[in-house]
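> pasting the sequence and the predicted model now:
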Amino acid sequence: MTAGPQDTPLPPGMRVRGGRGGTQARLADLERAAGALVEVAVALSDVADAAVVLAAVVDQAAVWSPSTATPARLGATTVLAGGRRNAANARQVADGLLRAAQTYAAADRMVLDGVRRGIVLGGRALGEAGPTVWAATALAGLAAGLGSVRLLVAVRSWQYLPGPLGLLGGAVSRGGAALSRRPGPVGGLGMLVGGPGLLPSDVRLPPAAAIELAVPGVAGFLTGALPGRALPVRDPVPGAAGILAGASGLATALLRTPPSGLVVTPTGGPEPTPTPRTLADVLEQVDRRYPASGAEPGTVAILRIDHPDGSRGWVVAVPGTQVGSVLAGTNPMDMTTNFALVAGRPADASSLVARSMEQAGIAPGEPVLLAGHSQGGMVAMDVAGDPVLGRRFEMTAVLTAGSPVGGMDLGPSTQALHVEHRQDLLPGVEGVANPATPQRTTVVRDLAVSPLAVDQDAARSVAGAHELSTYLRTVRTAQGGDDPSIRGFEAAVGRVLGPAGSVATSTVYQGVRVVG
C-alpha cells in the first residue's frame, strides 16, 4: 500500500497510543525477552550437566594419560561452574523482567480502575439519594460556578488598576496569553487569565478524556435514580444505554408503528471505482455514503479489490448516524442503533453490514478492512468483533474516525486504528478509553495546535471537530509517518488494498426497516 511520504515525523499536537510501538507491546517484548532468557538458562544448565559427564570420563581415563588428566579435569570443572553460574544469572534477569512488566501493567490497571470505580460509586450514591439531594447538589454547583466566575473577573480586572497592582495584573494577562497557545491544562489556565476582557474571549472545549471520566458517573447516577437499589456493576454505561434503548422502543411503540424487520438489497450492479491506496482514500469511500454527498439513506459500500496475482481484498465503508430521532424509523442508521451498540445489543446497522458482506460474496480467507465514521466505526467494530462472523470472514483490520469504541472487543488477529480529536467529545460518550494493546492503535490530535486555520476553526466546536472532512485531514497527516504503531496498521491494510495495479469495483447496499 502506498501510504504517502514515508518516515516523516508526526505533526504537532498528535500522539499515538497502543499498537506495535505502544507500552503494552513493549511489555510483551519484555515478556518475550524473559522467555528467551529462560531458554538460555536451560541450555546453560544442559552444558553444565554435560560438563559433569565429561569430568567423570576424564577421571576414568586418567590412568591412561596422567599428564593430560589434570588440565582436562580443570576445563570440565570450569565449564561446570560457569554454566551453572550463568544459568542462575539468566534466570535472575528473566525473573526481573517479568516482575517489572507485571508490576507496571498492574499499577496502570489499578490507577485507572480506582478512579473509574470512585466516579461510578459517587454517581450511583447521588442517584440513590433522591430529589432533595439532587436539588441541593445542583444549587451548590451553581453557587460554586458563580463564585468561580466572580474570582475570574476579579483576576482579569487587575490589569486595569493603577499602580503596582495594575502592573502585576498586566504581567499575569500577558503571561496567560502566551501560555494559552499550549495544549492541555496549562493552555486552559492561560486562556482563563490572559486577554483584554473581563471574561475569556475563547472558551476551550473540555478534552474527550474528561468526557470518558464523566460518563460513568452520569450512567451511575441514571441507574441509581431508578426505583429500587442499583446493582453494583463495574461499568454502568451499557446498563444506562439499555435503559435509553428500552425507552426508545417504548416511545416508538406508543407514537408510531414499530419496525418489524430489515430488508437489505443492492442498489445496482458492481461499478468500477478508484482503487484506494491510502487510509485517507478508504475514509473518502465512507464520506461518499452520506446523503449530503449524494448517497441514498442507509447505505454501505462493499469494495472488491482484485490484486494482480489473482487474490482479492475487500473494503467495507460505513457512514455514521443519519437520523437524530430516538424513534425507530426506516433508516437503521439512527439513534436507536447508537443505544443498542453501547448497550451491547444487536443493532440493525450491524445486520445491514453483515448481510451486505454475505451478499457481496466475500470468500473465507480473503482479507477484509472495515472502515467507519462516528456510528459507522462502532458498527465496524461490532461486526469485526462478532465471533460468529469472525469464523465466516477474515477480519484483517478496522479503521474508525470519531467513534466511541473503547468498550468493544476484537478478535485476536484483527488490527485496529482509532483516530480521534481532542476537541471531539463523541468518542468519549461510551465512558471507556480505547485499550492500548498491541493490536489496537489510537491516534489523538489536538486541532488547536494545527498550523492550518481550518483545523483551528474546527477546534472551536464539537461539530467541527467531529466532521469527517476534519478527520480526513488528520489521517492524511498521520499516514506514512515514522510511528511504528501506524506503520504496523498500514502493513495489515496493505494485505487488503494490495500492490500497485490492483483494481477496485464497488457495490452499494441499502438497508430499510420494514414499517407497517
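That came through fine. Residues are numbered from 1 along each chain as shown.
> which residues in the stretch 301-450 of the chain form helices?
Counting by DSSP state H, counting those that start in this stretch, the segments of the stretch 301-450 of the chain that form helices are 335-343, 348-360, 375-384, 387-392.
> next, the angle from the first one to helix 348-360.
The one in question is helix 335-343. 90 degrees (axes from the mean of the first three to the mean of the last three CA atoms, to 10 degrees).
> ok so residue 510 is a strand residue?
Yes - Residue 510: assigned to a strand according to DSSP: H, G, I helix; E, B strand; the rest coil.
> tell me how many other residues crowd the spatially closest residue to it that is not a sequence neighbour.
In space, and not counting its chain neighbours, residue 510 is closest to residue 299: 4.7 Å by CB to CB, 6 or more residues apart in numbering. Placement of C-beta: from N, CA and C, glycine included. The number of residues packed around residue 299, counting by other CB atoms under 10 Å, is 25.
> out of the helices of the stretch 301-450 of the chain, which one sits most buried?
helix 375-384 (a mean of 28; mean count of other CB atoms under 10 Å).
> tell me the angle it makes with helix 335-343.
Relative orientation of helix 375-384 and helix 335-343, computed by the same axes, to 10 degrees: 50 degrees.
> hey, C-alpha coordinates of helix 375-384 in CSV?
Coordinates of the C-alpha atoms in helix 375-384 are reproduced here as CSV (Å, rounded to 0.1, in the frame of the first residue of the first chain):
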residue,chain,number,x,y,z
GLN,A,375,-21.6,5.4,14.5
GLY,A,376,-20.1,3.7,11.4
GLY,A,377,-16.9,3.0,13.4
MET,A,378,-19.0,1.4,16.2
VAL,A,379,-20.8,-0.8,13.6
ALA,A,380,-17.5,-1.8,12.0
MET,A,381,-16.1,-2.8,15.4
ASP,A,382,-19.3,-4.6,16.3
VAL,A,383,-19.1,-6.7,13.1
ALA,A,384,-15.4,-7.3,13.3
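> which neighbouring elements make contact with it?
When contacts are defined as 3 or more CB pairs under 8 Å, 6 or more residues apart in numbering; DSSP states H and E, helix 375-384 sits against strand 312-318, helix 335-343, helix 348-360, strand 367-373, strand 394-401, strand 415-421.
> residue 472: which of the ones you listed is closest?
Nearest to residue 472 among the helices and strands packed on helix 375-384 is strand 394-401; the distance by CB to CB comes to 8.2 Å.
> packing partners for that closest one?
helix 279-287, strand 367-373, helix 375-384, strand 415-421, helix 468-478, helix 484-497.
> swap in 10 Å and give it another go.
The contact analysis (3 or more CB pairs under 10 Å, 6 or more residues apart in numbering; DSSP states H and E) places strand 394-401 against helix 279-287, strand 312-318, strand 367-373, helix 375-384, strand 415-421, strand 440-445, helix 468-478, helix 484-497.
> give me the sheet partners of it and which way each runs.
strand 367-373 (parallel), strand 415-421 (parallel) (DSSP bridges).
> so which of the ones you listed is nearest residue 168?
The nearest among the strands paired with strand 394-401, by CB to CB, is strand 415-421 at 36.9 Å.
> least confident secondary structure element in this structure?
helix 23-61 (a mean of 55; mean pLDDT, DSSP states H and E).
> for burial, what's the neighbour tally of residue 274?
11.
> start the count at 558, not 1, going forward
Shifting the count to begin at 558 puts that one at residue 831.
> distance-wise, check the closest residue in space to it that isn't next to it in sequence relative to residue 926.
Spatial nearest neighbour of residue 831, excluding adjacent residues (CB to CB, 6+ apart): residue 1061 at 6.9 Å. Relative to residue 926, residue 1061 is positioned 12 Å away (CB to CB, to the nearest Å).
> please enumerate the shared neighbours of the two.
833, 860, 862, 870-872, 1054 (CB atoms under 10 Å, 6 or more residues apart in numbering).
> let me have the residues you listed in CSV, extended by neighbour count, distance to residue 998 and pLDDT.
Listed next are those as CSV, based on neighbours: other CB atoms under 10 Å; distance: CB to CB, whole Å; pLDDT from 0 to 100:
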residue, neighbour count, distance to residue 998, pLDDT
833, 25, 19, 96
860, 25, 23, 97
862, 23, 22, 97
870, 25, 20, 97
871, 23, 21, 98
872, 28, 19, 98
1054, 28, 18, 96
